[in-house]
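Enquirer: Take this sequence and fold it.
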Amino acid sequence: MIKREDSGKNKVKVTFVMPYEEGQAAISVLGDFNDWDPAKTKLIKRRNSTCSNSVVLEAGQRYRFRYYTADGNWINDPEADGYEASEHGSENCILAL
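Expert: A predicted model of the protein is given here:
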(Lines give C-alpha, C1' and ligand atoms only; values in the text may rest on other atoms or scores of the structure.)
Protein backbone atom coordinates (compact mmCIF):
# COMPACT_ATOMS: atom_id res chain seq x y z
CA MET A 1 0.00 0.00 0.00
CA ILE A 2 1.20 3.49 -0.76
CA LYS A 3 -0.08 6.49 1.20
CA ARG A 4 0.57 10.05 0.01
CA GLU A 5 0.27 13.23 2.04
CA ASP A 6 1.04 16.79 0.95
CA SER A 7 4.05 17.93 2.91
CA GLY A 8 4.10 21.52 1.64
CA LYS A 9 6.76 23.34 -0.38
CA ASN A 10 6.33 21.01 -3.38
CA LYS A 11 7.01 17.91 -1.26
CA VAL A 12 4.96 14.76 -0.70
CA LYS A 13 5.26 12.41 2.27
CA VAL A 14 5.02 8.88 0.89
CA THR A 15 4.41 5.99 3.29
CA PHE A 16 5.09 2.48 2.07
CA VAL A 17 3.08 -0.19 3.92
CA MET A 18 3.34 -3.97 3.64
CA PRO A 19 1.60 -6.78 5.56
CA TYR A 20 3.76 -8.32 8.28
CA GLU A 21 3.64 -11.82 9.73
CA GLU A 22 5.65 -12.81 12.78
CA GLY A 23 8.93 -14.41 11.79
CA GLN A 24 9.03 -13.13 8.22
CA ALA A 25 12.21 -11.65 6.77
CA ALA A 26 12.76 -7.92 7.19
CA ILE A 27 11.63 -5.74 4.26
CA SER A 28 13.16 -2.56 2.83
CA VAL A 29 11.88 -0.28 0.10
CA LEU A 30 14.55 0.51 -2.48
CA GLY A 31 14.33 3.04 -5.25
CA ASP A 32 15.68 6.05 -7.07
CA PHE A 33 15.03 8.11 -3.93
CA ASN A 34 17.51 6.15 -1.77
CA ASP A 35 20.08 4.92 -4.31
CA TRP A 36 18.57 1.39 -4.18
CA ASP A 37 20.25 0.87 -0.79
CA PRO A 38 18.47 -1.73 1.41
CA ALA A 39 19.92 -0.16 4.57
CA LYS A 40 18.41 3.29 3.97
CA THR A 41 14.63 2.69 4.19
CA LYS A 42 13.84 -0.42 6.22
CA LEU A 43 10.16 -0.99 6.93
CA ILE A 44 9.39 -0.88 10.65
CA LYS A 45 7.11 -3.47 12.25
CA ARG A 46 3.84 -1.97 13.54
CA ARG A 47 1.29 -3.35 16.03
CA ASN A 48 -1.41 -3.67 13.36
CA SER A 49 0.31 -6.55 11.51
CA THR A 50 1.99 -4.23 9.01
CA CYS A 51 5.43 -2.78 8.51
CA SER A 52 5.98 0.69 7.07
CA ASN A 53 8.28 3.64 6.60
CA SER A 54 7.96 7.09 5.06
CA VAL A 55 10.07 9.29 2.83
CA VAL A 56 9.54 12.89 1.75
CA LEU A 57 9.91 13.29 -2.01
CA GLU A 58 9.68 16.11 -4.52
CA ALA A 59 6.22 16.50 -6.08
CA GLY A 60 5.88 16.31 -9.85
CA GLN A 61 8.55 13.62 -10.16
CA ARG A 62 8.50 9.96 -11.14
CA TYR A 63 10.35 7.38 -9.05
CA ARG A 64 11.17 3.70 -9.60
CA PHE A 65 11.05 1.40 -6.56
CA ARG A 66 10.63 -2.18 -5.30
CA TYR A 67 10.48 -3.94 -1.96
CA TYR A 68 13.39 -6.21 -1.01
CA THR A 69 13.38 -8.85 1.72
CA ALA A 70 16.38 -9.76 3.88
CA ASP A 71 16.22 -13.29 2.43
CA GLY A 72 16.78 -11.94 -1.10
CA ASN A 73 13.29 -11.69 -2.61
CA TRP A 74 11.99 -8.75 -4.64
CA ILE A 75 8.33 -7.74 -4.31
CA ASN A 76 6.30 -5.31 -6.42
CA ASP A 77 3.55 -3.15 -4.95
CA PRO A 78 0.14 -3.88 -6.51
CA GLU A 79 -0.84 -0.23 -5.86
CA ALA A 80 2.06 1.22 -7.86
CA ASP A 81 1.14 3.83 -10.47
CA GLY A 82 2.69 1.61 -13.12
CA TYR A 83 5.53 -0.76 -13.92
CA GLU A 84 8.47 -0.69 -16.29
CA ALA A 85 11.06 -3.24 -17.34
CA SER A 86 14.32 -3.13 -15.42
CA GLU A 87 17.78 -3.87 -16.74
CA HIS A 88 17.73 -7.07 -14.63
CA GLY A 89 14.87 -8.73 -16.52
CA SER A 90 12.17 -7.91 -13.97
CA GLU A 91 9.79 -4.98 -13.51
CA ASN A 92 10.21 -1.94 -11.30
CA CYS A 93 7.23 -0.21 -9.71
CA ILE A 94 6.56 3.39 -10.69
CA LEU A 95 5.52 6.10 -8.23
CA ALA A 96 4.29 9.26 -9.96
CA LEU A 97 3.95 12.29 -7.72
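
Enquirer: How about the spatially most central residue of the chain: which residues does it bridge to?
Expert: Most central residue of the chain, judged by C-alpha distance to the mean C-alpha position with CA atoms, centre = their mean, is residue 29 at 3.9 Å. With DSSP bridges as the criterion, the beta-bridge partners of residue 29 are residue 67.

Enquirer: what does residue 63 give?
Expert: As for beta bridges, residue 63 partners with residue 95 under DSSP bridges.

Enquirer: I'd assumed residue 32 was in contact with it.
Expert: Yes: the pair residue 63 and residue 32 qualifies as a contact (CB atoms under 8 Å) at a distance of 4.8 Å. Yep, even glycine has a C-beta here, placed from its N, CA and C like the rest.

Enquirer: okay, those two: which has more neighbours?
Expert: Using other CB atoms under 10 Å as the criterion, residue 63 and residue 32 rank with residue 63 on top: 19 against 14.

Enquirer: what sits against residue 23?
Expert: Listed by CB atoms under 8 Å, 6 or more residues apart in numbering, residue 23 has no contact partners.

Enquirer: Is it correct that it falls within a helix?
Expert: No: the assignment for residue 23 by DSSP: H, G, I helix; E, B strand; the rest coil gives coil, which leaves it out of any helix.

Enquirer: so how far is residue 70 from it?
Expert: 12 Å (CB to CB, to the nearest Å).

Enquirer: Next: residue 92.
Expert: Shown here: residue 92 relative to residue 70, a distance of 20 Å by CB to CB.
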